[in-house]
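1. Sharing a sequence plus its predicted fold:
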Amino acid sequence: MVERQRLAAHLERACAAAPVACGHPGCTLTLPRAEVEAHRAQCVRRPVPCTLCGAALPEADLAVRPSCARLLRAPL
């Protein structure tokens, strides 16, 4: 029983091979714990501040519309 508890704790906190979700809203990737931080830093769903209002928007959305300033100038 103790060994199972130790294994569960290892998998939850320390195991480099344990699957971990990216965690950014909209990203569905699950990677080994050893790779997840590098992915999070480059994830296209990571929040990036808008250049006008500072609101956190997914990086992929800012590639399409660089800031809400563009939206304010866009014709309706």
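-> Right, received. Where do you want to start?
2. Look up the closest residue to the most centrally placed residue in the chain, ignoring the ones flanking it.
-> In the chain, the C-alpha nearest the mean C-alpha coordinate belongs to His24, at 2.9 Å (C-alpha atoms, centre = their mean). Once flanking residues are discounted, His24 sits nearest to Arg45: 4.1 Å by C-beta to C-beta, 6 or more residues apart in numbering. C-beta here means a position set from N, CA and C on the backbone, and glycine is covered the same way.
3. now swap in Pro25 and tell me
-> Arg45 (6.5 Å).
4. where do the helices sit along this protein?
-> Applying DSSP state H to the chain gives helices spanning 2-13, 33-42, 59-64, 68-73.
5. wait, which of those is closest to Val20?
-> Taking C-beta to C-beta, helix 33-42 is the member of those nearest to Val20, at 4.6 Å.
6. and the closest one, which residues are buried?
-> In terms of neighbour count (16 or more other C-beta atoms under 10 Å), helix 33-42 has its buried residues at Arg33, Val36, His39, Arg40.
7. what does that helix rub up against?
-> 15-24, 29, 31, 46 (C-beta atoms under 8 Å, 6 or more residues apart in numbering).
8. Return the subset of those lying in strands.
-> Among the contacts of helix 33-42, the ones falling in strands (DSSP state E) are Pro19, Val20, Ala21, Leu31.
9. In the protein, where is pLDDT below threshold?
-> Residue ranges of the chain with pLDDT under 70: 1-2, 63-76.
10. right, and the residue nearest to the centre of the chain touches Val48 too?
-> No. Using C-beta atoms under 8 Å, His24 makes no contact with Val48, being 10.7 Å away.
11. Now Arg45, what are its backbone angles?
-> Torsion angles at Arg45 (phi, psi; degrees, to the nearest 10) stand at phi -100, psi 0.
12. Could you give the number of residues near it?
-> Arg45 is flanked by 18 other residues according to other C-beta atoms under 10 Å.
13. quick revisit: return the member of the ones in strands among the contacts of helix 33-42 nearest to Asp61.
-> Asp61 lies nearest to Ala21 out of the ones in strands among the contacts of helix 33-42, by C-beta to C-beta, at 20.3 Å.
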